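**Q** 3D model of this:
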Amino acid sequence: MKKIGILFGQERSFPEAVIERINQKAEKGIVAEAVKIDKIFQNAALGYSVIIDRISQDVPFYRASLKNAAITGTAVINNPFWWSADEKFFNNALAEQIGVPVPKTALIPSREHPDGTTSESFSNLAMPLDWDAIFEYTGFPAYMKPYDGGGWRDVYKLHDKEDFFDKHSGTKQLVMLLQEEIIFEEYFRCYCIGGKHVRIMQYDPRNPHHLRYATEGKSPDPKLLKTVEEYTLKLCRYLGYDFNTVEFAVRDGVPIAIDFCNPAPDADVKSVGQENFDWVVETTANYAIERAKAQKDGQDNLTWGEYIKASVGGNPLIAKSAPKATTEKAAAKPKKTTPKK
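**A** Numbers count the residues shown, from 1 in each chain. Sure thing, here's the model as predicted:
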């Protein structure tokens with residue numbers, strides 16, 4: 001019997017619905033349940049062919065447990081090794097390498113020294129930084145947010161350099177991103193499952209959380225939606241995510257990837273709505289069953305992205321042409337704005 005387990009925290013509607021749907025399908029030799037852990041020994045299997053991870057980003061014990069499960073043959077969705085390594089600044093650089101437009105973004109060191117370090121630990125860092133060049137690059141208004149992690153914590157809209165220094169002084173040991181504001185005409189949030197299944201959802205990040213999917217307006221251009229789908233698939237395949245959401249702000253007809261590091265994205269029925277919920281539950285159930293059937297004991301069953309494969313094979317990434325993310329015309333257009341995650 002192959003077991004599919006779901007590892008989750010406070011959420012209930014999505015994991016419970018996926019477990020129920022997998023079991024309703026009654027695939028021979030496959031059953032789903034909530035993951036149960038009563039002990040973890042090194043190199044000892046947990047007994048699951050597949051684990052869908054919804055919480056280890058917040059619980060280091062779970063992250064270590066999933067790596068141990070993966071090395072003993074479990075197919076973990078998403079790959080816990082890659083998810084432990086990537087972050088938003090690197091992901092933006094990768095997006096540029098593969099031709100997906102992203103906002104202009106600069107990496108900003110932490111305001112306070114990390115624990116266990118002193119000023120002497122930063123002898124390679126010029127002080128002060130070339131702030132004029134940084135501010136000219138991103139422009140204002142801009143957004144500042146942590147370089148990794150998710151959610152809306154510690155996100156600031158900045159109007160000028162004085163505003164930046166005021167807000168940055170309170171960020172303590174957080175490494176931050178400074179990112180240009182994208183003034184947009186349309187906005188989309190896209191589920192991507194298995195690197196092949198995409199659901200494009202109209203989305204308005206200005207609305208309260210439970211109303212962000214309740215958007216009204218004209219139907220999007222099919223050609224634009226095709227580009228959004230292509231960019232979504234490209235990003236997730238290169239990153240190696242089995243389950244992710246990608247967000248695009250459309251400026252002058254160009255979809256710009258705003259946020260695409262969401263390996264445990266919101267899937268609660270109360271926020272995404274019934275139709276989107278039904279799609280993500282059904283698609284997740286089918287994909288988990290597919291992975292369980294393909295899983296083989298005693299070997300690596302993880303998904304490794306095209307970036308890692310190219311690196312191992314010694315093949316450099318080749319950036320493909322894509323519309324520029326920044327234009328003078330776009331900067332002058334008064335459209336909707338969104339905070340960056």
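**Q** pretty sure P114 is touching V175, no?
**A** No: the pair P114 / V175 is not scored as a contact, 9.1 Å apart, by C-beta atoms under 8 Å. Using the backbone N, CA and C atoms, a C-beta is placed for each residue, glycine as well.
**Q** Neighbour count for those two, which is higher?
**A** Shown here are P114 and V175; by other C-beta atoms under 10 Å, V175 has more neighbours (16 against 12).
**Q** who's in contact with that one?
**A** Residues near V175 by C-beta atoms under 8 Å, 6 or more residues apart in numbering: 107-110, 146-148.
**Q** Highest neighbour count among those residues?
**A** Within these, I108 tops the neighbour count with 20 neighbours, counted by other C-beta under 10 Å.
**Q** May I see the contacts of V175 organised as TSV, with distance to Y187, secondary structure and pLDDT added?
**A** Shown next, in TSV, are the contacts of V175 (distance: C-beta to C-beta, whole Å; DSSP: H, G, I helix; E, B strand; the rest coil; pLDDT from 0 to 100):
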residue	distance to Y187	secondary structure	pLDDT
L107	25	strand	98
I108	25	strand	97
P109	31	coil	96
S110	31	coil	96
P146	21	strand	94
Y147	23	coil	93
D148	23	coil	88
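**Q** Among those residues, which one lies nearest to R212?
**A** Proximity of the contacts of V175 to R212 (C-beta to C-beta) peaks at P146, which lies at 20.8 Å.
**Q** Contacts only, for the closest one.
**A** By C-beta under 8 Å, 6+ apart, the neighbours of P146 are 88, 153-154, 174-177.
**Q** With R237 instead?
**A** 195, 305-306.
**Q** Figure out the helix or strand that it lives in.
**A** Using DSSP states H and E, the element containing R237 is helix 222-239.
**Q** Tell me the buried residues in that helix?
**A** Residues of helix 222-239 classed as buried by neighbour count (16 or more other C-beta atoms under 10 Å): 224-225, 227-229, 231-239.
**Q** for stretch 95-109, same thing?
**A** Those would be 95-98, 100-103, 105-108, for stretch 95-109 by 16+ other C-beta under 10 Å.
**Q** Just those residues: which are in helices?
**A** 95-97 (DSSP state H).
**Q** Looking at the residues you listed, spot the one nearest F122.
**A** E96 (27.2 Å).
**Q** Look at the closest one and report its pLDDT.
**A** E96 is assigned 96 on the pLDDT scale.
**Q** So the closest residue to it other than its chain neighbours versus I134, what's the distance?
**A** Among residues not flanking E96 along the chain, V102 sits closest, at 6.2 Å (C-beta to C-beta, 6 or more residues apart in numbering). Taking C-beta to C-beta, to the nearest Å as the measure, V102 falls 17 Å from I134.
**Q** and what of A249?
**A** 22 Å.
**Q** The two: which has the busier surroundings?
**A** Neighbours were counted for A249 and for I134 using other C-beta under 10 Å; A249 has more, 28 against 16.
**Q** Let me know the helix or strand that the more buried one is in.
**A** Going by DSSP H and E, A249 is part of strand 243-251.
**Q** Give the residue spans of this structure that score low on pLDDT.
**A** Counting by pLDDT under 70, the low-confidence segments of the chain come to 150-151, 214-217, 316-341.
**Q** neighbouring contacts of the lengthiest helix in it?
**A** As assigned by DSSP H, the longest helix anywhere in the chain is helix 274-294. Applying C-beta under 8 Å, 6+ apart, the contact partners of helix 274-294 are 2, 4, 13-14, 17-18, 21-22, 25, 27, 30, 32, 49-50, 52, 75, 77, 191, 193-194, 197, 199, 201, 213, 242-243, 267-269, 272, 301.
**Q** Repeat that for stretch 113-120.
**A** For stretch 113-120, contacts defined as C-beta under 8 Å, 6+ apart pick out 121-122, 173.
**Q** CA atoms only: put that stretch into PDB for me.
**A** The C-alpha trace of stretch 113-120 is given here as PDB (Å, rounded to 0.1, in the frame of the first residue of the first chain):
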ATOM      1  CA  HIS A 113      24.600  43.100  12.600                       C
ATOM      2  CA  PRO A 114      23.500  39.500  12.700                       C
ATOM      3  CA  ASP A 115      24.000  37.800  16.100                       C
ATOM      4  CA  GLY A 116      27.600  36.700  16.600                       C
ATOM      5  CA  THR A 117      29.000  39.300  14.200                       C
ATOM      6  CA  THR A 118      30.600  42.700  14.600                       C
ATOM      7  CA  SER A 119      31.600  45.500  12.200                       C
ATOM      8  CA  GLU A 120      34.800  43.600  11.500                       C
END
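**Q** Considering the contacts of stretch 113-120, which possesses the most neighbours?
**A** F122 (14 neighbours).
**Q** for that residue, what are its contacts?
**A** Shown in contact with F122 (C-beta under 8 Å, 6+ apart): 109, 113.
**Q** circling back: in this structure the residue nearest to E96 contacts N92, no?
**A** Yes: in terms of C-beta under 8 Å, V102 counts as a neighbour of N92; the distance is 4.7 Å.
**Q** rewinding a little: describe which strands the strand holding A249 pairs with in its sheet and in which direction.
**A** Strand pairing for strand 243-251, determined by DSSP bridges: strand 186-193 (antiparallel), strand 254-259 (antiparallel).
**Q** Reformat those as TSV; add distance to G314 and mean neighbour count.
**A** Output for the strands paired with strand 243-251, formatted as TSV (distance: least, C-beta to C-beta, whole Å; neighbours: other C-beta atoms under 10 Å):
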stretch	distance to G314	mean neighbour count
strand 186-193	28	24
strand 254-259	27	24
